[in-house]
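A.B. asks: next come a sequence and a model predicted from it.
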Amino acid sequence: MRLVSENTPEEVLLKPLPAFVQTRPEDVFGSLACDGASKSLADMDAGVLAEAERRVGGPEEYKQDAGR
């Protein structure tokens, strides 16, 4: 963590420098654009489950690995 010091009449303050460059919403909202229809929560849940099964190999393997 990097710090910046600020002198005040009473003390010296140490403040952390921001980890990221400050951005404005209009600078980053463009990355949120989507050409398709919005996904439902059920669609998102199914996508997360499908990716978990792809990474682990399926529900049975996941149940076995979960006990570790």
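C.D. replies: Now that the structure is in, tell me what you want to look at.

A.B. asks: export only the CA atoms of the longest helix seen in the chain, formatted as CSV.
C.D. replies: The helix that spans the most residues within the chain, counting by DSSP state H, is helix 41-56. Output in CSV follows, covering the C-alpha atoms of helix 41-56 (Å, rounded to 0.1, in the frame of the first residue of the first chain):
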residue,chain,number,x,y,z
LEU,A,41,-32.1,-14.8,-12.8
ALA,A,42,-32.9,-18.4,-13.7
ASP,A,43,-30.9,-18.0,-16.9
MET,A,44,-27.9,-16.6,-14.9
ASP,A,45,-28.2,-19.4,-12.3
ALA,A,46,-28.2,-22.0,-15.1
GLY,A,47,-25.1,-20.4,-16.7
VAL,A,48,-23.2,-20.4,-13.4
LEU,A,49,-24.2,-24.0,-12.8
ALA,A,50,-23.2,-25.0,-16.3
GLU,A,51,-19.8,-23.4,-15.9
ALA,A,52,-19.2,-25.0,-12.5
GLU,A,53,-20.1,-28.4,-14.0
ARG,A,54,-17.8,-27.8,-16.9
ARG,A,55,-14.9,-26.9,-14.6
VAL,A,56,-15.4,-29.7,-12.1
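
A.B. asks: secondary structure class for the residue of the chain most remote from its centre?
C.D. replies: Within the chain, the residue lying farthest from the chain centre (CA atoms, centre = their mean) is Pro9, at 39.9 Å. Under DSSP: H, G, I helix; E, B strand; the rest coil, Pro9 falls in the coil class.

A.B. asks: so how far is Val56 from Ser5?
C.D. replies: Ser5 sits at a distance of 49 Å from Val56 (criterion: CB to CB, to the nearest Å). (C-beta placed from N, C-alpha, C; glycine too.)

A.B. asks: of those two, who's got more company?
C.D. replies: The residue with more neighbours, out of Ser5 and Val56, is Val56; 15 against 8, by other CB atoms under 10 Å.

A.B. asks: tell me the pLDDT at the more buried one?
C.D. replies: At Val56, the model reports a pLDDT of 81.

A.B. asks: then Ala33?
C.D. replies: 72.
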